[in-house]
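Participant: pasting the sequence and the predicted model now:
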Amino acid sequence: MDDSTLILGWAASLVAGLATGLGALVILVQNKFTDRSQDVMMGFAGGVMLSAAGFSLMVPAVERGGHVLATIGIAIGALVLHLLDRTVPHLHPQSGLEGKASRLPKVWLMFLAMSIHNIPEGLAVGLGFGGDGLNTGMITATAIGIQNIPEGLVVALPFFVGGASKWRAIGLATLTGLIEPMASLPGLFLTAALPSVLPLGLAFAGGAMLFVVSDEMIPESHRKGFEREATLGFVGGFLAMMLIEGMFT
């Protein structure tokens, strides 16, 4: 990987992360959304994330490293997210406090929840640019950026409802997105130094994203009685990502 691809990969992860703030800006003009619409947006984001994990990460991992290596990488990725979820104190709007007990303010516990969520996304973008270069990297970054827009609004709303001002809620949501360019750096530098670890890395990121979708996004979008609407949003996000994949390949 040359220096220009490294820089482009990091810039793409930065733009994808900032899309969280773009979605959060909506609360400046509209800060009341029904539970139904929030569940649809969360479902859409989950569908995009799962599609990106499958088509942009797991399938290339199998093609490059075989089923056994990809299986190991997916398992390790899911296990690492499981351990982070069990040890790092954090707060989800619907499922409540998870991880170890903490005296941190509610707003920072919510911030940590989204930070854990965004680590595998940033890593996926970094690894994507280490794979087929611009093609896989741009597909992954585009997918993450698209799903970050509705997600940014869903993230900002609990901060605002929890007592933060509109601009502070937008700032906090944007900060959670900026975890992604930070998390992209290990992926970029690892694949630049050791290209042979790319299949394992792609599978690892895919497994981590798979865990987030199953453990967090689907349950969170199904807790308020709008499971069918959330599922339709999920399918819409999955299909949208499939079309994007087709546009780049």
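Facilitator: Received it, and whenever you're ready, just let me know what you need.
Participant: quick one: low-confidence residue ranges for this protein.
Facilitator: Within the chain, the segments meeting pLDDT under 70 span 1, 131-134, 248-249.
Participant: for it, just list every one of the helices.
Facilitator: Counting by DSSP state H, the chain has helices at residues 3-24, 35-52, 59-87, 106-130, 134-161, 166-177, 179-193, 198-212, 218-221, 227-248.
Participant: I figured residue 122 was touching residue 182, is that so?
Facilitator: Yes: applying CB atoms under 8 Å, one finds residue 122 in contact with residue 182, separated by 6.5 Å. No exception for glycine: its C-beta is placed from N, CA and C like everyone else's.
Participant: on that earlier part again, for residue 94, find the nearest of the helices of the chain.
Facilitator: Proximity of those to residue 94 was assessed by CB to CB; the nearest stretch is helix 218-221, lying at 5.2 Å.
Participant: okay, buried residues for stretch 165-184 please.
Facilitator: For stretch 165-184, a neighbour-count test (16 or more other CB atoms under 10 Å) marks 166, 169-170, 172-174, 176-184 as buried.
Participant: to clarify, my last question referred to stretch 209-222.
Facilitator: When burial is assessed from 16+ other CB under 10 Å, stretch 209-222 yields the following buried residues: 209-213, 215-218, 220-222.
Participant: return that stretch as CSV; C-alpha atoms alone will do.
Facilitator: C-alpha atoms of stretch 209-222 as CSV (Å, rounded to 0.1, in the frame of the first residue of the first chain):
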residue,chain,number,x,y,z
MET,A,209,-19.7,-5.9,13.1
LEU,A,210,-21.9,-9.0,13.1
PHE,A,211,-21.8,-9.0,16.9
VAL,A,212,-22.8,-5.3,17.1
VAL,A,213,-25.8,-5.9,14.7
SER,A,214,-27.1,-8.9,16.5
ASP,A,215,-26.4,-7.9,20.1
GLU,A,216,-27.2,-4.2,19.9
MET,A,217,-28.9,-2.8,16.8
ILE,A,218,-31.6,-5.4,16.2
PRO,A,219,-32.6,-5.7,19.9
GLU,A,220,-32.6,-1.9,20.4
SER,A,221,-34.9,-1.5,17.4
HIS,A,222,-37.3,-4.2,18.6
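Participant: contact partners for residue 33?
Facilitator: Residues near residue 33 by CB atoms under 8 Å, 6 or more residues apart in numbering: 153, 157.
Participant: redo that, cut-off 10 Å
Facilitator: Listed by CB atoms under 10 Å, 6 or more residues apart in numbering, the contact set of residue 33 reads 26-27, 39-41, 153-154, 157.
Participant: residue 221 contacts residue 92, doesn't it?
Facilitator: No: because the distance of 11.4 Å does not satisfy CB atoms under 10 Å, residue 221 is recorded as not touching residue 92.
Participant: about what we covered before: got TSV for the buried residues of stretch 209-222, with distance to residue 97 too?
Facilitator: As requested, these are arranged in TSV below (distance: CB to CB, whole Å):
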residue	distance to residue 97
209	23
210	24
211	19
212	18
213	21
215	15
216	14
217	18
218	19
220	14
221	19
222	19
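Participant: how near is the residue nearest to residue 97 when sequence neighbours are not counted to residue 104?
Facilitator: Of all residues beyond its chain neighbours, the one nearest residue 97 is residue 91 (5.3 Å), with distances taken as CB to CB, 6 or more residues apart in numbering. The span separating residue 91 from residue 104 equals 9 Å under the rule CB to CB, to the nearest Å.
Participant: cool, residue 243 as well?
Facilitator: In this structure, residue 243 and residue 104 are separated by 41 Å, where distance is defined by CB to CB.
Participant: also residue 211?
Facilitator: With distances defined as CB to CB, the gap from residue 211 to residue 104 amounts to 23 Å.
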